[in-house]
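Chemist: sequence? don't have it. structure:
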């Protein structure tokens, strides 16, 4: 009996993360972070899109290819050898240099868009990975705690049955202890199912095969947030890839407006033709030149309409940028306040709630030792302490998620290195 009571006290004493067995394999978060950056298909897709957009820059700054034309004219009844004229011509379209420069600028902005999209995707994947890892840690800690409780409940059930056999305990006590043990077993099954689901989610992020698995997640016991809200807000406004993307969208629309205005500049078309007339023995050269007429009355509507559209798009892009900035500020403030609240609540659990639960458990144990208490009261006190410990573990998980969200919001991989 003494071993049972001491075991109950030791098992319910945290708040500290429960330690896996010495032989258990551990899976560290930063190993998974590096793996996800190398293997995640979403990140790889964004990386390839960045390469695609980068390859378009020189294309947009180039002239269109020349056109080579060959003609045989005046063929009676399609008799090729009796054609009156033979012509070969090379034709090139020439655009005003400012147009090519603007097209290149737009292509470079789109390439930079792809770069920011790639970075945003990285931070999105890392946030999901870190959140899933924190939940995996919580589930594994809960399973360890519940299994230890199960062992103690089995011992308690054996004690109650012995007392029942001796006539010092009623059948109701035996039934309640049995139900408590069955409830604990059922909780382990539920937690284990959730653990397997969370492992599957993480392995999907890592693009690991289904036959692979993960070990025990580990997290530090201490909760640290050494960065001020003002620093986070300033960093987020400057470095968040999504905001850089939206800021470039304004510049892109301004460049498109310049391109629309440049539509009023004519394009040139020049050609060089060599003609032969086999029937007369004439050979000669012909030079051709053409110019587009953007000021034709029937073309002015399209030109002015495109300018109006570009000006409206600039306003829309500026409004979208302002909305994104407001949203990021709100997210940073919300997650920061949640992280601070989680730290404060964990401290309350550590310094007040869990010690008081332990005190209640000790009183129940003392009463049981003196013969004036009931083992079922001890079990109820143990369950309360266990529930409070799981609530504290959940707050620790929520804190890790809030930190991961802040890292996504401000565009860093590890908040600990931000000063």
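Modeler: Noted; the coordinates are in hand. These figures come from a predicted structure and were not determined experimentally. Numbers count the residues shown, from 1 in each chain.

Chemist: Which stretches in this structure count as strands?
Modeler: Counting by DSSP state E, residue ranges of the strands within the chain are 26-27, 67-73, 85-94, 216-217, 268-277, 282-291.

Chemist: ok, which stretches of the stretch 1-150 of the chain are helices?
Modeler: Residue ranges of the helices in the stretch 1-150 of the chain, as given by DSSP state H, counting those that start in this stretch, are 2-11, 29-39, 41-60, 97-166.

Chemist: just to revisit the earlier point, pick the most buried one from the strands of the chain.
Modeler: With neighbours taken as mean count of other CB atoms under 10 Å, these reach their highest mean count in strand 216-217, at a mean of 22. Quick note: C-beta positions are derived from backbone N, CA and C, even for glycine.

Chemist: quick revisit: what's the most buried one of the helices of the stretch 1-150 of the chain?
Modeler: Mean neighbour counts were compared across these using mean count of other CB under 10 Å; the top stretch is helix 97-166, at a mean of 19.

Chemist: Among the strands of the chain, which comes closest to residue 307?
Modeler: Distances from residue 307 to each of these were compared using CB to CB; the minimum, 21.4 Å, belongs to strand 282-291.

Chemist: Redo the helices of the stretch 1-150 of the chain as CSV? Include mean pLDDT and distance to residue 177.
Modeler: What follows is those, written out as CSV (pLDDT from 0 to 100; distance: least, CB to CB, whole Å):
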stretch, mean pLDDT, distance to residue 177
helix 2-11, 39, 12
helix 29-39, 93, 40
helix 41-60, 92, 50
helix 97-166, 88, 5
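
Chemist: got TSV for these, with distance to residue 268 too?
Modeler: Converted to TSV, the helices of the stretch 1-150 of the chain look like this (distance: least, CB to CB, whole Å):
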stretch	distance to residue 268
helix 2-11	86
helix 29-39	49
helix 41-60	19
helix 97-166	11
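
Chemist: So for residue 337, which of those sits nearest?
Modeler: Where those are weighed against each other on CB to CB, the nearest is helix 97-166, at 17.9 Å.

Chemist: Give the other helices and strands that the closest one contacts.
Modeler: Helix 97-166 is packed against helix 2-11, helix 29-39, helix 41-60, helix 171-206, strand 216-217, helix 241-261, helix 375-410, with contacts defined by 3 or more CB pairs under 8 Å, 6 or more residues apart in numbering; DSSP states H and E.

Chemist: can you give me the mean pLDDT across the fourth one?
Modeler: Looking back up the chat, that one is helix 171-206. With pLDDT averaged residue by residue, helix 171-206 scores 87.

Chemist: swap in the last one?
Modeler: Helix 375-410 carries an average pLDDT of 88.

Chemist: buried residues in it?
Modeler: Within helix 375-410, the residues that count as buried by 16 or more other CB atoms under 10 Å are 375-386, 388-410.

Chemist: about what we covered before: which one, of the strands of the chain, ends up nearest to residue 251?
Modeler: Taking CB to CB, strand 85-94 is the member of the strands of the chain nearest to residue 251, at 27.4 Å.

Chemist: Starting from the closest one, tell me which strands it pairs with and how they run.
Modeler: Strand pairing for strand 85-94, determined by DSSP bridges: strand 67-73 (antiparallel), strand 268-277 (antiparallel).

Chemist: TSV for the ones you listed, including mean pLDDT and distance to residue 32?
Modeler: Rendered in TSV, the data for the strands paired with strand 85-94 read as follows (pLDDT from 0 to 100; distance: least, CB to CB, whole Å):
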stretch	mean pLDDT	distance to residue 32
strand 67-73	88	55
strand 268-277	90	58
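
Chemist: any chance of those in TSV, plus distance to residue 29?
Modeler: What follows is the strands paired with strand 85-94, written out as TSV (distance: least, CB to CB, whole Å):
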stretch	distance to residue 29
strand 67-73	59
strand 268-277	61
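
Chemist: Figure out which of those is closest to residue 297.
Modeler: Nearest to residue 297, of all those, is strand 268-277, at 21.4 Å by CB to CB.

Chemist: got a pLDDT number for residue 81?
Modeler: According to the model's per-residue confidence, residue 81 sits at a pLDDT of 75.
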